[in-house]
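S.K.: need coordinates for the below:
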Amino acid sequence: MTNDPNNINPPLRLLVAFEALTQQPPEVMMGVAGREVWLAGVWGHHERWQVHVPDWEAQVIFNAASIAKRQNAAGRLLPPWARPLIAAWQMLDSAHHLPSEGARFVIVADDPPGPRYEFSVGLAFAAACYARSSGSVPPTSALIDALERRLRLIDR
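M.R.: Numbering: from 1, shown residues only. The predicted structure follows:
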């Protein structure tokens, strides 16, 4: 994964959706190495996390307490597509790589709707948090393996 905007070529729909959501340019632009998934974001959302997926016209807003219960910030259950986000959150929290300030992310992928796209959303979320907390991102294969293991745990 790269955090250098000169090394990625994000789709225009990512930038348009991000600026429509936040009315500001992104602080972070990332692409996951070996995958067709991109993230634009800003940090510091008052300990709340907002993940917007414009290709589905969907978003979730959560905080540490609500996601631990698999709920959004309003106390409603998170949608099924957010399972990889829950897994990424748990993985990051257990590895102490979860930034505390919250963020607003827009994530797009070139995968068709379905499990691979959902997984890509969790993968991009995890990579952005690793980059923020430690200044680097594990290899994509390591992130995929860790996220798959965590997904199996939450599905039990």
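S.K.: tell me which residue is most central in this structure.
M.R.: Closest to where the C-alpha atoms of the chain average out (Cα atoms, centre = their mean) is Phe125, at 2.1 Å.
S.K.: tell me who's in contact with it.
M.R.: Neighbour list for Phe125: Leu39, Val51, Pro84, Leu85, Ala88, Trp89, Phe105, Ile107 [criterion: Cβ atoms under 8 Å, 6 or more residues apart in numbering]. Heads up, the C-betas are built off the backbone N, CA and C, glycines and all.
S.K.: is it fair to say the last one lies in a helix?
M.R.: By that I understand Ile107. No - assigned with DSSP: H, G, I helix; E, B strand; the rest coil, Ile107 falls outside any helix and is strand.
S.K.: which parts of the protein are strands?
M.R.: Using DSSP state E, the strands of the chain run over 28-31, 37-43, 49-53, 58-62, 103-109.
S.K.: Throw the ones you listed into TSV and include mean neighbour count, thanks.
M.R.: Converted to TSV, the strands of the chain look like this (neighbours: other Cβ atoms under 10 Å):
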stretch	mean neighbour count
strand 28-31	22
strand 37-43	24
strand 49-53	22
strand 58-62	18
strand 103-109	25
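S.K.: among those strands, which comes closest to Ala68?
M.R.: Nearest to Ala68 among the strands of the chain is strand 58-62 (9.3 Å), distances taken as Cβ to Cβ.
S.K.: so what strands line up beside the closest one?
M.R.: strand 49-53 (antiparallel) (DSSP bridges).
S.K.: CA atoms of the strand it pairs with as CSV?
M.R.: This file holds the C-alpha atoms of strand 49-53, laid out as CSV (Å, rounded to 0.1, in the frame of the first residue of the first chain):
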residue,chain,number,x,y,z
TRP,A,49,-15.5,6.8,12.5
GLN,A,50,-17.4,7.4,9.3
VAL,A,51,-16.9,5.0,6.4
HIS,A,52,-18.7,5.9,3.2
VAL,A,53,-18.9,3.6,0.2
